[in-house]
Structures are given as structure tokens and as C-alpha cells.
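Student: pasting the structure only:
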């Protein structure tokens, strides 16, 4: 009887390691397959990025002269705009000074400006009103900027 009990219980201690580890082996194989697929995808991406970066580098080198010329033109136009703004400021100051000297109202500038010329002789401008001499306005030329751009 002892032998029978031992025999019956010995079946419980028998472990089928191969079938128990087969599931683990399948998971490991599946994971290795996925890792190989990922490595091949990453390799393709790396090659594609290398090709793209090579193409972009070639494009940058190819268009470098054009970009440099364009940046010079933008810089020149910026300088021209600055000079024109400066010239407009000078002109506006001279116009304001002339308006004050002639007593021009801001309401109707043309009529107020022509009013002294349209007055009759008896309505002459009083002698006490003196008009300051206008000074010659000096403007900076912007054409020099374009000449220097064409020469370079």
C-alpha cells in the first residue's frame, strides 16, 4: 500500500518542464521577431534620413549664392527705407515750419495756403509779419545703395 501511495503521489511531483517553458519560449521568439522588425524599420529610417539630409545639404550649397544675394537686396532695401523715412521726416518738418510762417490752418490747407496770393492789394500782409528765410533741404540719395548692390 505504501508503494501505491508513493506511486500515486509521485505523479504530482512530475513536472513537464518542456511544456511549461514552451509558452515562455514562444513569447521570447515573438519578441525577438518584433525586435528584428523594429531594427530593420529603424535602419530604413536611418538610411532615408541620411538621404534627406544629404539632399538638403546639397540644396543649401546649391542655393547659397542666391540666398546671399537675396539677403543683400533685403539689407539694401532696408537701408533705402531708412533713408526715405529720414528724408520724409526732414520734409515734414520743413512743411510744418512753412505752414507756421504762412499761417496756414490745418482745416483747409490748400485754401489757407493760397489765401495770401488771392488777397486784393489793399489786404496786403502786415509789415510786422516776417517770414523766415527757407533753408535748402538736403536729402540723402538712395540711388547709391542700388549702385553698390549691382557692383558687388
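Tutor: Yep, that arrived. Note that the coordinates shown come from a computational prediction; the quantities given were computed from them, not determined experimentally.
Student: skip ahead from the helix or strand encompassing residue 61 and say which helix or strand is next.
Tutor: Per DSSP states H and E: residue 61 is located in helix 17-62. For helix 17-62, the following helix or strand on the C-terminal side (DSSP H and E) is helix 64-102.
Student: which helices and strands does that next one pack with?
Tutor: helix 109-118, helix 143-151 (3 or more Cβ pairs under 8 Å, 6 or more residues apart in numbering; DSSP states H and E). Placement of C-beta: from N, CA and C, glycine included.
Student: how about 6 Å then?
Tutor: Secondary-structure packing of helix 64-102 (3 or more Cβ pairs under 6 Å, 6 or more residues apart in numbering; DSSP states H and E): helix 143-151.
Student: give me the helix or strand of the chain that scores worst on average pLDDT.
Tutor: Here the helix or strand of the chain ranked lowest by mean pLDDT, DSSP states H and E is helix 109-118, holding a mean of 62.
Student: need the pLDDT of residue 55.
Tutor: Reading off the confidence values, residue 55 has pLDDT 88.
Student: show me the protein divided up by domain.
Tutor: 27-62, 69-119+142-152 (automatic domain parsing).
Student: dump these into TSV; add mean neighbour count as well.
Tutor: Formatted as TSV, the domains of the chain follow (neighbours: other Cβ atoms under 10 Å):
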stretch	mean neighbour count
domain 27-62	10
domain 69-119+142-152	12
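Student: can you flag the weakest of the ones you listed by average pLDDT?
Tutor: Set side by side, the domains of the chain give their lowest mean pLDDT on domain 69-119+142-152, at a mean of 77.
Student: out of the domains of the chain, which is closest to residue 3?
Tutor: Closest approach to residue 3 among these (Cβ to Cβ): domain 27-62, 40.7 Å.
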